[in-house]
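Student: Could you look at this predicted model? Sequence included:
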Amino acid sequence: MAIRKENLLIVDDDFDMLEVLDRHLEQENYHTYKAASVAEAIDILKYSEINLLITDLQMPGMNGMELVKYADDHYPEIPKLVITGFPSIDNALTAIKSGALDYLPKPFTKSELLNSVKKSLSQRTKNSKIVMPKKLRHNYAGMVGSSAKFEELVDIIERVKNNRATIIIRGESGTGKELVARAIHYKGSFAQNPFIAVNCGAIPENLLESELFGASKGAYTGASETREGYFQAANGGTIFLDEIGTASLSVQVRLLRVLQEKEVRKLGAQGSEKIQLRVIAATNSDLKEMVEKGTFREDLYYRLNVVDIETPPLRERKEDILPLAKTFLDKYQRDYGKTGLKLSEKTIEILNRYNWPGNIRELENIIQRAIIMSETEILPQDLPASVKYQLPAAEEELMALKEVEKRHILKVLVAVDQNKSKAAEILQIDRKTLREKIK
């Protein structure tokens, strides 16, 4: 028997505190939902299986005390932990009377937080404990694998599939982010409703707003009639926004309004229309770094980041390479009218050894190409040279040395405030050599 990870809902309007709590709890293997307001928290409570509510007290609109009372009335089996930066005896007593099991004043240490979480979880009723047998799945909604990473990914999908919590899927290109989004939709309660996938990076910036939100007649040159956008088309179901990091700041503002107000306004329209859908966004960019650079809105980042799912790269789930390769082998043999092809032992060895920088998409393309080139068996000569041959040890060592040199040069440049003359003097090289190395 395997005990599932606990689902913790953390509520705080301070985004920095929300991130700190999330990081501490995920390090201890808890699964977190995040909300920046009481209204968001109530939505998550309605549609999700929550094992512990952790909430701040001081928030705009409805405050944390009202949330504790609401949760105690509607979900008495869920333990509640209150955190606050304004501790007082009255607040503590009111929180306990309202249904909170523990009261944690800020600032607190990581160990104090974890002790309070464990204490609160230990006091819940026996009926709220979730114990499930471990089920191995080799194919789940078109996703293939049997590794621990694959099972963990499927487990998260199972947790979130029946609620409308906003989800961000992070991962390298080719790791199957859209497959994860489709699995969440088609395995869940809203599978009969629309699933609309939008590649934000593939739509020209000047058209993205009208494509997403729709446009009224005359809203811009060429708008000869009123038309719906992708959000209206997805109403009742799920909209998947791939490459969300490429959206312009003006699109980000409109998207933030959709998430906050649950309504959409067409370009050029006077009024808004209410919609009810789930938003799943995906990115291979570091959105946190984009927030720091000012190219992605911080408030939107946290609105999207209610549930964070990471698709692992193929190099971290080596056990899945062979099942995936065989799946693609079957698929493309049918497509090309071939039968009986198999992978040679040496080919399997090479596939397992390779590092897969292009992830599952690269594996699929290589198997497809090999089927075209082969007759009865896929041999090493049917694979690209980049897959067959590894870097020689000497070349790997040279690359490692270059990385050390790069880090050293960057540290020196920072120390001298990017003054290249001073940096060259410290590094004992001339300015021209330094310029070339920087390039």
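Tutor: Noted; the coordinates are in hand. What you are looking at is a predicted structure, and each value in this text was computed from that prediction instead of being measured.
Student: so residue 81 is in which element?
Tutor: Per DSSP states H and E: residue 81 is located in strand 80-84.
Student: Would you indicate which residues of that strand are buried?
Tutor: By 16 or more other Cβ atoms under 10 Å, the buried positions in strand 80-84 come out as 80, 81, 82, 83, 84. (Glycine included, C-beta is placed from N, CA and C.)
Student: try stretch 362-380
Tutor: Buried-residue list, stretch 362-380, by 16+ other Cβ under 10 Å: 362, 363, 364, 366, 367, 370, 371, 374, 378, 379.
Student: Name the surrounding residues that touch that stretch.
Tutor: Here stretch 362-380 makes contact (Cβ atoms under 8 Å, 6 or more residues apart in numbering) with 174, 314, 321, 324-325, 328-329, 332-333, 336, 338, 340-344, 346-347, 350-351, 356, 358, 382-384, 387-388.
Student: swap in stretch 416-424?
Tutor: Applying Cβ under 8 Å, 6+ apart, the external contacts of stretch 416-424 come out as 409, 412, 413, 426, 430, 431, 433, 434, 435, 438.
Student: Now the strand or helix carrying residue 436: buried residues?
Tutor: If you go by DSSP H and E, residue 436 is part of helix 431-438. For helix 431-438, burial by neighbour count (16+ other Cβ under 10 Å) applies to residue 434.
Student: let's number from 55 now, not from 1
Tutor: Okay, using 55 as the starting number, the last item reads as helix 485-492.
Student: How far away from the center of its chain is that helix?
Tutor: Centroid separation for helix 485-492 versus its chain: 39 Å, with Cα atoms, centre = their mean, to the nearest Å.
Student: State the phi and psi torsions of residue 220.
Tutor: Reported as degrees, to the nearest 10, the phi and psi values for residue 220 are phi -70, psi 140.
Student: was I right about it contacting residue 332?
Tutor: Yes. At 7.2 Å, residue 220 and residue 332 qualify as touching, with contact defined as Cβ atoms under 8 Å.
Student: Show me which of these two is the more surrounded one.
Tutor: The residue with more neighbours, out of residue 220 and residue 332, is residue 332; 25 against 21, by other Cβ atoms under 10 Å.
Student: which residues touch that one?
Tutor: Shown in contact with residue 332 (Cβ under 8 Å, 6+ apart): 217, 218, 219, 220, 221, 239, 244, 291, 292, 293.
Student: can you count the residues close to residue 408?
Tutor: By other Cβ under 10 Å, neighbour count at residue 408 equals 22.
Student: for residue 133, that is, sorry about that
Tutor: By the criterion of other Cβ under 10 Å, residue 133 has 25 neighbours.
Student: Tell me the confidence at it?
Tutor: The model reports residue 133 with a pLDDT of 87.
Student: That one and residue 117, how far apart?
Tutor: Using Cβ to Cβ, to the nearest Å, we find residue 133 at a distance of 19 Å from residue 117.
Student: Next: residue 127.
Tutor: Per Cβ to Cβ, residue 127 is found 16 Å from residue 117.
Student: Please, which helix or strand holds residue 424?
Tutor: According to DSSP H and E, residue 424 maps onto helix 413-427.
Student: The most centrally placed residue in the chain: which element?
Tutor: Ranked by distance to the mean C-alpha position of the chain (Cα atoms, centre = their mean), the top residue is residue 223 at 2.5 Å. Using DSSP H and E, residue 223 maps to strand 221-224.
Student: Give me the contact list for the following helix or strand past that strand.
Tutor: Next along the chain after strand 221-224, taking DSSP H and E as the criterion, comes helix 231-240. The contact list for helix 231-240 (Cβ under 8 Å, 6+ apart) reads 194-197, 207, 211, 214-215, 221, 223, 225, 245, 249, 251, 291-292, 294, 296, 332, 334, 336, 338, 363, 365.
Student: Now residue 164. Nearest residue, chain neighbours left out?
Tutor: With Cβ to Cβ, 6 or more residues apart in numbering as the criterion, residue 164 has its nearest non-adjacent residue at 5.0 Å, and that residue is residue 78.
Student: Show me what counts as buried in the helix or strand harbouring that neighbour.
Tutor: Following DSSP H and E, the helix or strand that holds residue 78 is helix 69-81. Residues of helix 69-81 classed as buried under the neighbour-count rule (16+ other Cβ under 10 Å) are 69, 71, 72, 73, 75, 76, 78, 79.
Student: ditto for stretch 219-234
Tutor: For stretch 219-234, the neighbour count (16+ other Cβ under 10 Å) marks 219-226, 228-231, 233-234 as buried.
Student: Stretch 335-342 now?
Tutor: In terms of neighbour count (16+ other Cβ under 10 Å), stretch 335-342 has its buried residues at 335, 336, 337, 338, 341.
Student: for it, what is the average pLDDT?
Tutor: Averaged across stretch 335-342, the pLDDT comes to 93.
Student: Using CSV, write out every CA atom in that stretch.
Tutor: Taking Å, rounded to 0.1, in the frame of the first residue of the first chain, the C-alpha atoms of stretch 335-342 are listed here in CSV:
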residue,chain,number,x,y,z
ALA,A,335,-0.8,27.5,-19.5
ALA,A,336,2.5,26.0,-20.6
THR,A,337,6.0,27.3,-21.0
ASN,A,338,9.6,26.2,-21.6
SER,A,339,10.8,29.7,-20.4
ASP,A,340,11.7,30.7,-16.9
LEU,A,341,8.7,32.9,-16.0
LYS,A,342,10.2,33.8,-12.7
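Student: In the stretch 355-493 of the chain, where is pLDDT below threshold?
Tutor: 444-458 (pLDDT under 70).
Student: can you give me the strands in it?
Tutor: Taking DSSP state E, counting those that start in this stretch as the criterion, the stretch 355-493 of the chain carries its strands at 361-364, 396-397, 431-432.
Student: can those go into JSON lines with extra columns for distance to residue 261?
Tutor: What follows is the strands of the stretch 355-493 of the chain, written out as JSON lines (distance: least, Cβ to Cβ, whole Å):
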{"stretch": "strand 361-364", "distance to residue 261": "29"}
{"stretch": "strand 396-397", "distance to residue 261": "44"}
{"stretch": "strand 431-432", "distance to residue 261": "43"}
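Student: how far does the strand holding residue 223 sit from the chain's center?
Tutor: Here the centre of strand 221-224 is set off from its chain's centre by 2 Å, with Cα atoms, centre = their mean.
Student: Can you list the helices and strands that it packs against?
Tutor: Other helices and strands packing on strand 221-224, by 3 or more Cβ pairs under 8 Å, 6 or more residues apart in numbering; DSSP states H and E, are helix 231-240, strand 332-337, strand 361-364.
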